[in-house]
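Participant: sequence below, structure please.
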Amino acid sequence: MTTIERVDQLHKEAMELAGAAMILHLQGKFEEASYANKQAFLKEREAAELYDSSIEPTRSVLYRSAATLAFKFGAFQESQRLITVALSGNVPEEIAEELRDLLEQVKKAIAL
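Facilitator: The predicted structure is shown next:
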């Protein structure tokens, strides 16, 4: 399996888990939703880490997604770390702005 195929597979699995987490949350199954979000995060983070900074914007989009998933289940420090890693690449400005917005949300959550 090529790196691109592995990234695609991990991303697909992550998005399926994230969708399941949303449904579980709507059903009031918060613990299960949090677990599904965490599993989605782990897969998305693995996918992001397979690419180096020469693979933009895909790399930064994957990191943004992983950071968002980490934020959703309360892993604020990890979310902040992933945002920092994402911003260290040659990130397109639109994605960089979204990452900075997410970073502000993370910082507010940490301050609470």
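Participant: any idea how far E32 lies from I95?
Facilitator: Noted for E32: a distance of 31 Å to I95, by C-beta to C-beta, to the nearest Å. C-beta here means a position set from N, CA and C on the backbone, and glycine is covered the same way.
Participant: higher neighbour count, the two?
Facilitator: I95 (19 against 15; other C-beta atoms under 10 Å).
Participant: for that one, give me the pLDDT.
Facilitator: The model reports I95 with a pLDDT of 96.
Participant: and whichever strand or helix holds it, which residues are buried?
Facilitator: Secondary-structure assignment from DSSP states H and E places I95 in helix 93-111. Within helix 93-111, the residues scored as buried using 16 or more other C-beta atoms under 10 Å are I95, A96, E98, L99, L102, L103, V106.
Participant: pull the residues that contact it.
Facilitator: Counting by C-beta atoms under 8 Å, 6 or more residues apart in numbering, helix 93-111 makes contact with 57, 60-61, 63-64, 67-68, 71, 74, 76-77, 79-80, 83, 86-87, 91, all of which sit outside it.
Participant: next: stretch 76-86.
Facilitator: Residues outside stretch 76-86 that contact it (C-beta under 8 Å, 6+ apart) are 45, 48, 59-60, 63-64, 66-68, 70-71, 95, 99, 102-103, 106-107, 109-110.
Participant: try it again at 6 Å.
Facilitator: Residues from elsewhere that reach stretch 76-86 (C-beta atoms under 6 Å, 6 or more residues apart in numbering): S60, Y63, A66, A67, A70, F71, L99, L103, V106, A109, I110.
Participant: present these as a markdown table; the columns should include pLDDT.
Facilitator: Converted to a markdown table, the contacts of stretch 76-86 look like this (pLDDT from 0 to 100):
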| residue | pLDDT |
| --- | --- |
| S60 | 95 |
| Y63 | 97 |
| A66 | 97 |
| A67 | 97 |
| A70 | 95 |
| F71 | 95 |
| L99 | 97 |
| L103 | 97 |
| V106 | 97 |
| A109 | 95 |
| I110 | 92 |
